[in-house]
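Engineer: Prediction below, plus the sequence it came from.
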Amino acid sequence: MRVITGIARGRRLTAPEGLDVRPTADKVKEGIFSAVQFDIEDAYVLDLFAGSGQMGIEALSRGAKRAVFVDNSPRSINCVNENLRNTGLALHAEVINRDSYDFIKMTGQKFDMIILDPPYHYGHIAALLPYAAKKLRQGGCIICEYEREAELPATPEGLVLRKTYHYGKINVTIFVSPVPDEEVPDE
């Protein structure tokens, strides 16, 4: 597992031992970041269920301004911190050891990009998406990675479905918070 491109390109990342963490495959990660490439520059990113932190780190490497990594596993938190140190991106990150549900419900922060890559087969995406939608800035996007056999998450109020991508046994759905059309002043 490596950082694909940007300032930390080629740097190796580690993942916590065990079956608790399922790192996103490089092919899927490349597809995701190709789809959101114009949304990354100077973005404020939230990586929920961070695991190894590879998705938020990829965003930072590609020009995101700041990333917040949230996970309730101390092993994952240690791994995220190690990966941030090894990539030289720690100064642009905040790592929080907390339950993702508690964080998204309670935080007062707003984000330009929210990455939801929770454990599969528990319905986390459907449960978290309405809360995430409330924490998204206008023009921002939410990236949802989930198992192919799961139903497409319902589009929360205020969001628009940009597209769903299929990668073998994985689906990735991207929702956006549209920017209202700018009003043209009367002449």
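Structural biologist: Nice, thanks for sending it over. Numbers count the residues shown, from 1 in each chain.

Engineer: roughly how far apart are residue 158 and residue 180?
Structural biologist: Noted for residue 158: a distance of 11 Å to residue 180, by CB to CB, to the nearest Å. Yep, even glycine has a C-beta here, placed from its N, CA and C like the rest.

Engineer: so what sits against both of these two?
Structural biologist: Common contact partners of residue 158 and residue 180 (CB atoms under 8 Å, 6 or more residues apart in numbering): none.

Engineer: Pull out the buried residues from the longest strand seen in the chain.
Structural biologist: The residue-count maximum for a strand in the chain (DSSP state E) belongs to strand 136-147. Residues of strand 136-147 classed as buried by neighbour count (16 or more other CB atoms under 10 Å): 136-137, 140-146.

Engineer: and it, which strands flank it?
Structural biologist: With DSSP bridges as the test, strand 136-147 is paired with strand 111-116 (parallel), strand 170-176 (antiparallel).

Engineer: Which parts of this structure are helices?
Structural biologist: Assigned helices in the chain, in chain order: 26-35, 54-61, 74-87, 100-106, 124-134 (criterion: DSSP state H).

Engineer: contact partners of the fourth one?
Structural biologist: Counting by CB under 8 Å, 6+ apart, helix 100-106 makes contact with 46, 48-49, 70-72, 96, 118, 124, 127-128, 131-132, 135, all of which sit outside it.

Engineer: Let's test this: mean pLDDT of it, rounded?
Structural biologist: For helix 100-106, mean pLDDT is 96.

Engineer: Need the CA coordinates for that helix. CSV is fine.
Structural biologist: What follows is helix 100-106, C-alpha atoms only, in CSV (Å, rounded to 0.1, in the frame of the first residue of the first chain):
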residue,chain,number,x,y,z
SER,A,100,-17.2,7.8,14.2
TYR,A,101,-20.9,8.1,15.0
ASP,A,102,-20.2,10.2,18.1
PHE,A,103,-17.8,12.4,16.2
ILE,A,104,-20.1,13.1,13.2
LYS,A,105,-23.1,13.8,15.4
MET,A,106,-21.3,16.1,17.8
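
Engineer: weakest of the strands paired with strand 136-147 in terms of mean pLDDT?
Structural biologist: Taking the mean pLDDT of the strands paired with strand 136-147, strand 170-176 comes last: a mean of 94.
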